[in-house]
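>>> generate coordinates for the sequence data below:
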Amino acid sequence: MSVRTLMAGLMAPLLLAAPALAFDQAELEAFLAEGECFGCDLTEADLAGAQLADSYLTYSDLSRADLTGADLSESYIRFAVLEGTDLTGANLEQSNMWDARMRGAIFAGANVSGGSIQGATLSNADFSGAVLTGINGVNANLRAADLTDADLTEADLTGATLRGAILVGARLTGAILVNTGFAGADLSGADLTGAVLDSALPADAILCNTILPDGATEDRDC
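The predicted model follows:
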């Protein structure tokens, strides 16, 4: 056996064992330095607690990235991909996430007030305890999303899909719910006082201790 063959055999397991970075290191460093990244690969990047206010991440891929506690306020995240991304406790106030793909993203306890998720895909996302006051959620897909105890006061959810969503204890006071899909949604303990609906809540939606727009309490499913 030649020395070259022997060395190749010894190096092969080491090369296979070497962890590959999921994100582009150069693009990550450029983003952190400049605050903007168009179409960058930041998948699985560790940005926990990062100060990223007023950032531009259009078309960038941040799937499975760690953004827990990060400050992304007033950022432009339109058309970005954040599938499975952890944004627990993050600040996304006034951020623009139009048409972003965020299936399974975690926004638990996050501040998304005044922001926009218009046309975004957020199926199975976790918004438990999140603040979404005044958010633009027009035509957003929130199918099977967890919005337990979320604050959606005066949110605009016109045309949004909330089929199978968990809205237990959610606050929807003054929200615009025109052509909003609530089929199979759990609205137990939710408060819809003053909300604008164009039709009755569907028969398969769960209503228990639910405060309706006129202030009456509905207990049909308790």
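>>> quick one: the strands in this structure, in order.
176-177, 196-197, 210-211, 217-218 (DSSP state E).
>>> now the third one: average pLDDT?
The average pLDDT for strand 210-211 rounds to 98.
>>> equivalent analysis for stretch 83-91, please.
98.
>>> what's the first-to-last distance across it?
From its first residue to its last, stretch 83-91 covers 18 Å (CA to CA, to the nearest Å).
>>> low-confidence bits of the chain, can you list those?
1-21 (pLDDT under 70).
>>> let's see that with 50 instead.
1-20 (pLDDT under 50).
>>> and the strands of the chain as TSV, adding distance to G115?
Heads up, the C-betas are built off the backbone N, CA and C, glycines and all. Output for these, formatted as TSV (distance: least, CB to CB, whole Å):
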stretch	distance to G115
strand 176-177	16
strand 196-197	20
strand 210-211	25
strand 217-218	30
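>>> which stretch among those strands comes nearest L72?
strand 176-177 (25.0 Å; CB to CB).
>>> ok so, going back, okay, the strands of the chain in a markdown table with mean neighbour count and distance to D126 next?
As requested, these are arranged in a markdown table below (neighbours: other CB atoms under 10 Å; distance: least, CB to CB, whole Å):
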| stretch | mean neighbour count | distance to D126 |
| --- | --- | --- |
| strand 176-177 | 22 | 21 |
| strand 196-197 | 16 | 25 |
| strand 210-211 | 24 | 22 |
| strand 217-218 | 14 | 26 |
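>>> all helices for this protein, in order.
Here the chain has its helices, by DSSP state H, at 3-17, 25-34.
>>> would you mark the buried spots in the last one?
So the one you mean is helix 25-34. Within helix 25-34, the residues that count as buried by 16 or more other CB atoms under 10 Å are E27, L28, F31.
>>> got it, and stretch 168-188?
Within stretch 168-188, judged by 16+ other CB under 10 Å, the buried ones are 168-178, 180-182, 185-188.
>>> could you do stretch 92-111 as well?
Neighbour-count burial for stretch 92-111 flags 92-111 (criterion: 16+ other CB under 10 Å).
>>> mind saving the C-alpha coords of that stretch as CSV?
Output in CSV follows, covering the C-alpha atoms of stretch 92-111 (Å, rounded to 0.1, in the frame of the first residue of the first chain):
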residue,chain,number,x,y,z
LEU,A,92,-40.1,42.1,16.0
GLU,A,93,-42.1,45.3,16.6
GLN,A,94,-42.9,47.1,13.4
SER,A,95,-41.1,44.5,11.3
ASN,A,96,-42.3,43.7,7.8
MET,A,97,-42.6,40.0,7.1
TRP,A,98,-44.9,40.1,4.1
ASP,A,99,-45.1,36.8,2.2
ALA,A,100,-42.4,35.2,4.4
ARG,A,101,-42.5,31.4,4.8
MET,A,102,-42.4,30.6,8.5
ARG,A,103,-44.0,27.2,9.0
GLY,A,104,-43.3,25.8,12.4
ALA,A,105,-41.5,29.0,13.6
ILE,A,106,-41.5,29.7,17.3
PHE,A,107,-42.6,33.2,18.4
ALA,A,108,-43.5,32.3,21.9
GLY,A,109,-43.5,35.5,24.1
ALA,A,110,-42.3,37.6,21.1
ASN,A,111,-43.3,41.2,20.5
